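**Q** structure for the following, please:
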Amino acid sequence: MLFRSFCIEQAGDSILWIDSEGQIVFANKKACEVLGYSKEELQAMTVFDIDPLFAPEKWGPHWEAIRQQKAFVIESCHRTKSGRILPVEVGVNYMTVDGTEYNCAVARDISERKKAEQQLAHFSAIVNSSQDAIIGVTLDGVVTSWNPGADRLYGYAPAEMIGQSISKLLPPDRADEIASQLATLWREGRVEHLDTVRRRKDGTLVDVSITYSP
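**A** Numbers count the residues shown, from 1 in each chain. As a prediction, the model looks like this:
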């Protein structure tokens, strides 16, 4: 029991024990560090004091879900003592101790993940709004992404190309070109402004300038 308590206290994630009324009855060292409160302060607070998205009227249905599902993961946010809002991923775990119900909530700061997701969404928006054809391809030539610019240029919808070989766009007399270009990319790290020809869905040929980058 002592070893278990030590592990909980020294865990790298915030751990809060919360009773059926939403009262915090235990906070480990990490929770205190992240939220900026002393253990005594946190253990005098409720979930509603630290989670600005969680209104008291939501607690009843939430607690019933905890009882029924026993364990699940949610995303929410925690407000620190300084007022900073942290996005968190919370592992919800139902348990009983001496006949009393608790939620053992294990919270992890996901600020960096959210920042990466925002950057990805930003880059995705750039790609999707580009007038140029931007295509993701594996090193063996399988199409993994296909933006609207590619749709406009080649006439294929994403569903028609994703998972297919990029060689579908090659005229018969250039059948070996993709393999050669991808080999150059692998060897040199980039292929700049290669003037070549591609075939549209309707069979017409189009002159293109292609850049490959990893």
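**Q** helices of the protein, start to end?
**A** 2-9, 29-35, 39-42, 47-50, 59-69, 111-129, 148-154, 158-161, 177-188 (DSSP state H).
**Q** in CSV, list the ones you listed along with mean pLDDT and mean neighbour count.
**A** Heads up, the C-betas are built off the backbone N, CA and C, glycines and all. As requested, those are arranged in CSV below (pLDDT from 0 to 100; neighbours: other C-beta atoms under 10 Å):
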stretch, mean pLDDT, mean neighbour count
helix 2-9, 60, 10
helix 29-35, 95, 18
helix 39-42, 95, 15
helix 47-50, 94, 20
helix 59-69, 93, 13
helix 111-129, 89, 11
helix 148-154, 95, 18
helix 158-161, 95, 15
helix 177-188, 80, 14
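**Q** closest to Thr211 out of these?
**A** helix 177-188 (10.0 Å; C-beta to C-beta).
**Q** ok, longest strand in this protein?
**A** strand 85-97 (DSSP state E).
**Q** show residues contacting that strand.
**A** Under the criterion C-beta atoms under 8 Å, 6 or more residues apart in numbering, residues 14, 34, 52, 66-67, 69-80, 101-111, 113-114 lie in contact with strand 85-97.
**Q** send over it as CSV, restricted to the C-alpha atoms.
**A** The C-alpha trace of strand 85-97 is given here as CSV (Å, rounded to 0.1, in the frame of the first residue of the first chain):
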residue,chain,number,x,y,z
ILE,A,85,-6.1,27.5,-19.4
LEU,A,86,-4.5,24.2,-20.2
PRO,A,87,-6.0,21.7,-22.6
VAL,A,88,-5.9,18.3,-21.0
GLU,A,89,-6.6,14.7,-21.8
VAL,A,90,-8.3,13.0,-18.8
GLY,A,91,-8.4,9.3,-18.1
VAL,A,92,-11.6,8.7,-16.1
ASN,A,93,-11.5,5.7,-13.8
TYR,A,94,-14.3,4.5,-11.5
MET,A,95,-13.3,2.9,-8.2
THR,A,96,-14.7,2.3,-4.7
VAL,A,97,-12.8,2.5,-1.5
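**Q** okay, buried residues for that strand please.
**A** 86-94 (16 or more other C-beta atoms under 10 Å).
**Q** can you redo those residues as a markdown table with pLDDT and distance to Gln23?
**A** A markdown table is the format used below for the buried residues of strand 85-97 (pLDDT from 0 to 100; distance: C-beta to C-beta, whole Å):
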| residue | pLDDT | distance to Gln23 |
| --- | --- | --- |
| Leu86 | 95 | 21 |
| Pro87 | 95 | 24 |
| Val88 | 96 | 19 |
| Glu89 | 96 | 22 |
| Val90 | 95 | 17 |
| Gly91 | 96 | 19 |
| Val92 | 95 | 16 |
| Asn93 | 95 | 17 |
| Tyr94 | 95 | 16 |
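**Q** closest one to Val47 out of these, please.
**A** After measuring the buried residues of strand 85-97 against Val47 - C-beta to C-beta - the closest member comes out as Val90, at 10.2 Å.
**Q** residue with max distance from the center of the protein?
**A** Asp173 (42.4 Å; C-alpha atoms, centre = their mean).
**Q** roughly how far does it sit from Ile210?
**A** Counting by C-beta to C-beta, to the nearest Å, the separation of Asp173 from Ile210 is 17 Å.
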